[in-house]
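Peer 1: Everything below, folded, please.
(one chain, ligands or ions: 1)
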Amino acid sequence: MYNPQSLRAEEFISHAEVMDTLSFAEAHKDDKALLSEILAKAAHRKGLSHREAAVLLRCEDPDVITQINRLAKQIKLDFYGNRIVIFAPLYLSNYCVNGCTYCPYHAKNKHIVRKKLTQEDIIREVTALQDMGHKRLAIEAGEDPIHNPISYILECIDTIYHIHHKNGAIRRVNVNIAATTEEEYHMLKEAGIGTYVLFQETYHKESYEKLHPTGPKHNYAYHTEAMDRAMAGGIDDVGLGVLFGLEHYDYDFVALLMHAEHLEAVHGVGPHTISIPRIKRADDIDPNDFDNSIDDDIFAKICALIRISVPYTGMIISTRESKAVRERLLPLGISQISGGSRTSVGGYDVPEPEDENSAQFDVSDRRTLDEVIHWLMELGYLPSFCTACYREGRTGDRFMAFCKSGQILNFCHPNALITLQEYLEDYATPDTKALGNVFIQKQLAAIPDEARRTKTQTLLREISAGKRDFRF
Ligand code: SF4
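Peer 2: Model (predicted):
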């Protein structure tokens, strides 16, 4: 029944295989020889199978957990360096016909204020985002064929790419909208999107159907097979994620890795990103109503294990999580974070009044983007506004090959420095600019190729002199 190459959800996410895997993990969680073998395999940076990762997840030996964390840190540094890519979500509309029990946008919620951005609203919102310094957005919308048809999403993308305020520009739009048809994915590809992101929420079919009692999202197979249609539609970069807290975490952890293996087996390229959100409070949603919530220790372990299991995949943590949790997870494999986020429909240009709450979840990290940039540099991380790979056509398997070839330090690192310099010149507070200028000079030394280092120095000077938008 289990077949990672099948295009049928129930075969590539076989329930029997997940349950067998969990039994195997329970039986072998203290098997020292096997644990050493798995850790040794992880140290070769080629990733782990879902079964191997499950054994490590079940193991509670503090020494093993220390080794997992050490490996996650090392693999993160080897493939991503100290860069952290920055993005912001932009909620276009909270109209939704689905009945998801964990999301305040569900159709039966008559309390939440329903909003949908017009193209004029988008110009104001994106101008405000550009004035913060953002270059990369993730657009989000509920599923509603009347209010949010694909034509509306495409129009919004076109509007966003055409807004240029002062030196600002959105250079990459990632899209998080409901599962759709191959034809509509092709339209998104033609519109120039970056990553198509769709959270599975949970891979447990029975729970999935209970959590999605009404609406098109109720269809487990259609939702779970969406990434195959997206890839068939020409989208190279897809982003997976589960909402931890809905189902028992070990089931979704195993199935998430099986989904990644399926994409690799069928399309020759795994997920571009994996997001790891946890359920948060929002309008009529109380996280305490869900009894599978996970504590910070398990959350950190899951993060580290995903990093060592799929070394080349980007990992995203949003402002759902607090500053403290984000700080804990950053060294364990996170490569992208949002900053200065609003999870309401609108709210970047003019903050939403308290009595007009349209947010999908409460933001835990409420710092400004400038505060986030300052904080990252103080911790030794290099904030990056780079979008070069996508714009140079290094997507899908080309990106993975590039990542595996270890060229990060000669491409991504200089691109991060160049885009950070743009940020410092155009948007940073004096404090952040002073810190950033010193930081960039120190970080130049990490570029191994001398000619590339010299060229980067030249470009940094040109940016200070007013030029923009360079990339390697
Ligand atoms: S999770 Fe998505 S589909 Fe479900 S109610 Fe919220 S916006 Fe709608």
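
Peer 1: ok, the closest residue to R171 other than its chain neighbours - contacts?
Peer 2: Counting by C-beta to C-beta, 6 or more residues apart in numbering, T387 is the residue found nearest to R171 once chain neighbours are left out, at 4.0 Å. Glycine gets a C-beta too; all of them are placed from N, C-alpha and C. Each residue near T387 by C-beta atoms under 8 Å, 6 or more residues apart in numbering is listed here: 135-136, 171-172, 194, 471.

Peer 1: Among these, name the ones in helices.
Peer 2: Judged by DSSP state H, helices contain none of these.

Peer 1: which among the residues you listed gets closest to the ligand?
Peer 2: Comparing the contacts of T387 against the ligand with C-beta to the nearest ligand atom places G194 closest, at 19.9 Å.

Peer 1: Give me the contact list for stretch 35-48.
Peer 2: 28, 52, 55-56, 59, 61, 64, 67-68, 71, 75, 78-79, 257, 308-311.

Peer 1: Counting neighbours, which bits of that stretch end up buried?
Peer 2: 35, 38-39, 42, 47-48 (16 or more other C-beta atoms under 10 Å).

Peer 1: Got phi/psi on R452?
Peer 2: When read as degrees, to the nearest 10, the backbone of R452 gives phi -70, psi -40.

Peer 1: How about the contacts made by it?
Peer 2: With contact taken as C-beta under 8 Å, 6+ apart, R452 is in contact with 410, 414, 472.

Peer 1: Identify the residues contacting D252.
Peer 2: By C-beta under 8 Å, 6+ apart, the residues touching D252 are 200, 202-204, 242, 244, 246.

Peer 1: If you could redo that for H413, that was the one I meant.
Peer 2: The contact partners of H413, by C-beta under 8 Å, 6+ apart, come to 81, 83, 382, 443, 446-447.

Peer 1: mind listing the strands for the stretch 1-150 of the chain?
Peer 2: For the stretch 1-150 of the chain, the strands defined by DSSP state E, counting those that start in this stretch occupy 83-93, 136-141.

Peer 1: how about CSV for the ones you listed, with mean pLDDT added?
Peer 2: Below are the strands of the stretch 1-150 of the chain laid out as CSV (pLDDT from 0 to 100):
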stretch, mean pLDDT
strand 83-93, 98
strand 136-141, 98
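
Peer 1: Looking at these, spot the one closest to the ligand.
Peer 2: strand 136-141 (7.5 Å).

Peer 1: Any residue of that closest one touching the ligand?
Peer 2: No - Strand 136-141 stays clear of the ligand (C-beta under 6 Å from any ligand atom), getting no nearer than 7.5 Å.

Peer 1: Counting only helices, which of the buried residues of stretch 35-48 make the cut?
Peer 2: 35, 38-39, 42.

Peer 1: hang on, the earlier thing: so among the contacts of H413, which ones count as buried?
Peer 2: Buried members of these, counted by 16+ other C-beta under 10 Å: 81, 83, 382, 443, 447.

Peer 1: quick one: buried residues of stretch 71-88?
Peer 2: Quick answer for stretch 71-88 (16+ other C-beta under 10 Å): 71-73, 75-76, 79-88.

Peer 1: CA atoms only for that stretch - export them in PDB, please.
Peer 2: Taking Å, rounded to 0.1, in the frame of the first residue of the first chain, the C-alpha atoms of stretch 71-88 are listed here in PDB:
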ATOM      1  CA  LEU A  71      24.200  18.300  14.200                       C
ATOM      2  CA  ALA A  72      21.300  20.700  13.400                       C
ATOM      3  CA  LYS A  73      23.500  23.700  14.200                       C
ATOM      4  CA  GLN A  74      26.300  22.400  12.100                       C
ATOM      5  CA  ILE A  75      24.200  21.400   9.100                       C
ATOM      6  CA  LYS A  76      22.400  24.800   9.200                       C
ATOM      7  CA  LEU A  77      25.800  26.500   9.100                       C
ATOM      8  CA  ASP A  78      27.100  24.300   6.300                       C
ATOM      9  CA  PHE A  79      24.200  24.800   4.000                       C
ATOM     10  CA  TYR A  80      22.800  28.200   5.000                       C
ATOM     11  CA  GLY A  81      25.600  29.900   6.800                       C
ATOM     12  CA  ASN A  82      24.500  32.500   9.300                       C
ATOM     13  CA  ARG A  83      22.000  34.100   7.000                       C
ATOM     14  CA  ILE A  84      18.300  34.500   7.900                       C
ATOM     15  CA  VAL A  85      16.000  35.500   5.100                       C
ATOM     16  CA  ILE A  86      13.400  38.100   6.000                       C
ATOM     17  CA  PHE A  87       9.800  38.200   4.700                       C
ATOM     18  CA  ALA A  88       6.400  39.600   5.700                       C
END
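
Peer 1: Many thanks, I have nothing further to ask.
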